[in-house]
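> Sequence plus the predicted model coming up.
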Amino acid sequence: MASSFNRVILAGNMTRDPESRALPSGQALTKFSLAINRSYTTKEGEKREEVTYVDIESYGKQAEVIAKYCSKGSGILVEGRLKLDSWDDKKTGEKRSRLGVVLENFTFIGGRAPGAASPDGDSPAPRSGGSRGGPAPAADGPGPDDDVPF
């Protein structure tokens with residue numbers, strides 16, 4: 001029997017401000033939608049662009065960081081797994097489904113979106129959520145010339 005692998009990596013911009021709430025367990029849940037643009041040229045030489053929209057859910061500390069530092073237009077690189085949600089439509093009774101991504105790791109990309117919060121009020125937002133979901137080291141952390149052990 002073949003083994004399975006479920007991993008996606010997406011980079012794009014948030015289409016709206018993240019929506020955050022606490023689950024009954026107390027764990028944070030933040031949902032947002034990502035727009036991923038693809039530019040290409042047709043056989044006739046015409047330049048085209050297509051956009052794919054993907055719903056993302058994040059949990060725990062990562063959800064808190066995203067809700068605090070991101071807003072509509074924020075650039076983010078997301079690593080995660082595909083998840084299929086299924087339900088019965090209450091109005092029509094039809095089966096419905098939606099394919100989305102459960103975030104496992106992320107990195108902020110691009111500059112801070114207008115109106116996004118920053119840790120100290122005037123410095124840029126953290127650049128990475130890291131695998132533990134916390135913000136990147138503060139300005140007094142390792143500099144570009146310092147060795148960082150990995």
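Received, thanks.
> What distance do you get for Tyr59 to Arg38?
28 Å (C-beta to C-beta, to the nearest Å). From N, CA and C alone the C-beta is placed, and that goes for glycine too.
> These two: which has the busier surroundings?
The residue with more neighbours, out of Tyr59 and Arg38, is Tyr59; 17 against 9, by other C-beta atoms under 10 Å.
> So the more buried one is in contact with Lys31, correct?
No. Taking C-beta atoms under 8 Å as the definition, Tyr59 is not a contact partner of Lys31, at 10.2 Å.
> What ranges does the chain have for its strands?
With DSSP state E as the criterion, the chain has strands at 8-14, 19-22, 28-41, 47-59, 75-88, 95-109, 128-130.
> Where does the prediction get shaky in this structure?
Counting by pLDDT under 70, the low-confidence segments of the chain come to 1, 111-150.
> Spatially central residue for it, please.
Nearest to the geometric centre of the chain sits Val78, at 4.7 Å (C-alpha atoms, centre = their mean).
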